[in-house]
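1. What follows is a protein structure lacking sequence information:
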């Protein structure tokens, strides 16, 4: 058996990547899905290990643009570290390539499982965000479903079921919210979203790009016909807070989950609005059939907001947040990442549903985005009759 070599991932590897993901019980993708997610690598989509028998390891790479006031930076987050037993020790090669990629202020792994967590620590990554790297905040929405899921997990520890054991999500119905709350569309509400993003980037912290262009790209995942839940809070005709939720079902034996991908706001009064958005998304998640809502990457500010939402449970387990900085003195203290900075919006398995929305091509008048939105002038318009 030859020693595996490291090389950049190529389109010809997509079937091999699905084979690896199936072996690891990770979500697989269509060819269009792999093409879509690899575009976020900005020329560095990831790396594979290959020996005489084929591809035997993989680490995906997502690069995102950041701003610290007037300074422009790039950060990278990794996903799906998979190494077959025959390539034991190959994770070091993959992580070395990941950490040494050019042009980034930091590399991060924010969604590590318990088995992989010690590997990142051993390879030079530090727990990050500090004080919260082992923390998730969870809101149970369907206790009996969660109990049933635990029983099913115990039955399928070593084999995968051949069919879905929990129902997929129900059709999402457009529902009203408090005055000031509105569903947002990255295309129709681009002006308001870009104004909000610009204000966030001037706030003095290291902030990932949340422009309408970025959101449009994220909402174009060909493997997710059901769009995420994007809500904003408007005060005086401008956004003061935004929250993004996404439904997923990580395997055939798990119940649907609503992940909070992002929650962000403008000071000094946006925190209360952000909490109100999470309350609304929680209600939407329960109606859609999610078993729980969770915030899987926590920082000081988002913890304060999340704990205002009734039913929140703080859970501390293994360290799932890791980062390696080129110069932590310059950028580490200024960065308070949310799940949007990680792979959470990219690696969720889409849940089956009875009535999938059409893939994005034009605005679906029956979609949840057809509720109140910001018009081109930036003023908040109410929901249609």
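-> Done, it's in. In this text, all values refer to a predicted model and were calculated from it rather than measured experimentally.

2. can you pull the contacts of the residue nearest to residue 193 when sequence neighbours are not counted?
-> Excluding its sequence neighbours, the residue lying closest to residue 193 (Cβ to Cβ, 6 or more residues apart in numbering) is residue 212, at 4.4 Å. In this view, the C-beta of every residue, glycine as well, is placed from N, C-alpha and C. Contacts of residue 212 were listed using Cβ atoms under 8 Å, 6 or more residues apart in numbering, and they are 186-187, 189-191, 193-194, 197.

3. go again using 10 Å as the cut-off
-> Going by Cβ atoms under 10 Å, 6 or more residues apart in numbering, residue 212 touches 184-197.

4. Look up how far residue 40 lies from it.
-> As judged by Cβ to Cβ, to the nearest Å, residue 212 and residue 40 stand 16 Å apart.

5. how about the strands in the stretch 101-250 of the chain?
-> With DSSP state E, counting those that start in this stretch as the criterion, the stretch 101-250 of the chain has strands at 106-109, 126-127, 135-140, 181-183, 207-208, 229-235, 238-248.

6. What strands flank the last one, and is each parallel or antiparallel?
-> Paired strands of strand 238-248, with direction, are strand 229-235 (antiparallel), strand 257-265 (antiparallel) (DSSP bridges).

7. Among these, show the one with the smallest mean pLDDT.
-> The weakest mean pLDDT among those belongs to strand 229-235, with a mean of 93.

8. List the buried residues for it?
-> Buried positions in strand 229-235, judged by neighbour count with 16 or more other Cβ atoms under 10 Å: 229-234.

9. Skipping its backbone neighbours, what lies nearest residue 346 in space?
-> For residue 346, ignoring the flanking residues on the chain, the nearest one in space by Cβ to Cβ, 6+ apart is residue 37 at 5.5 Å.

10. tell me the pLDDT at the one you found?
-> Confidence at residue 37, expressed as pLDDT, is 98.

11. show me what contacts it?
-> Per Cβ under 10 Å, 6+ apart, neighbours of residue 37: 29, 45-46, 60-62, 79-80, 221-223, 343, 346-347.

12. Could you report the separation of the residue lying closest to residue 186 once chain neighbours are set aside from residue 7?
-> Sequence neighbours aside, residue 215 is the residue nearest to residue 186 in space, at 3.7 Å (criterion: Cβ to Cβ, 6+ apart). According to Cβ to Cβ, residue 215 stands 32 Å off from residue 7.

13. Among these two, which residue is more densely surrounded?
-> residue 215 (27 against 13; other Cβ atoms under 10 Å).

14. My read is that the more buried one contacts residue 193, right?
-> Yes. Using Cβ atoms under 10 Å, residue 215 makes contact with residue 193 at a distance of 6.4 Å.

15. mind checking how far the single longest helix found in the chain is from the chain centre?
-> Longest helix of the chain, by residue count under DSSP state H: helix 270-288. Put simply, helix 270-288 sits 17 Å off its chain's centre (Cα atoms, centre = their mean, to the nearest Å).

16. who does the helix or strand following that helix touch, helix- and strand-wise?
-> Per DSSP states H and E, helix 270-288 leads on to strand 292-295 as the next helix or strand towards the C-terminus. Judged by 3 or more Cβ pairs under 10 Å, 6 or more residues apart in numbering; DSSP states H and E, strand 292-295 is in contact with strand 135-140, helix 143-155, strand 238-248, strand 257-265, helix 270-288, helix 300-306, strand 313-316.

17. can I get these in JSON lines with distance to residue 327?
-> Listed next are the helices and strands packed on strand 292-295 as JSON lines, based on distance: least, Cβ to Cβ, whole Å:
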{"stretch": "strand 135-140", "distance to residue 327": "26"}
{"stretch": "helix 143-155", "distance to residue 327": "42"}
{"stretch": "strand 238-248", "distance to residue 327": "30"}
{"stretch": "strand 257-265", "distance to residue 327": "25"}
{"stretch": "helix 270-288", "distance to residue 327": "30"}
{"stretch": "helix 300-306", "distance to residue 327": "22"}
{"stretch": "strand 313-316", "distance to residue 327": "29"}
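
18. Just send the ones you listed back as JSON lines, with mean neighbour count and distance to residue 107 too.
-> Below are those laid out as JSON lines (neighbours: other Cβ atoms under 10 Å; distance: least, Cβ to Cβ, whole Å):
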{"stretch": "strand 135-140", "mean neighbour count": "19", "distance to residue 107": "21"}
{"stretch": "helix 143-155", "mean neighbour count": "12", "distance to residue 107": "32"}
{"stretch": "strand 238-248", "mean neighbour count": "25", "distance to residue 107": "23"}
{"stretch": "strand 257-265", "mean neighbour count": "25", "distance to residue 107": "20"}
{"stretch": "helix 270-288", "mean neighbour count": "21", "distance to residue 107": "28"}
{"stretch": "helix 300-306", "mean neighbour count": "19", "distance to residue 107": "22"}
{"stretch": "strand 313-316", "mean neighbour count": "12", "distance to residue 107": "24"}
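
19. Before I go, just wanted to say thanks for your time.
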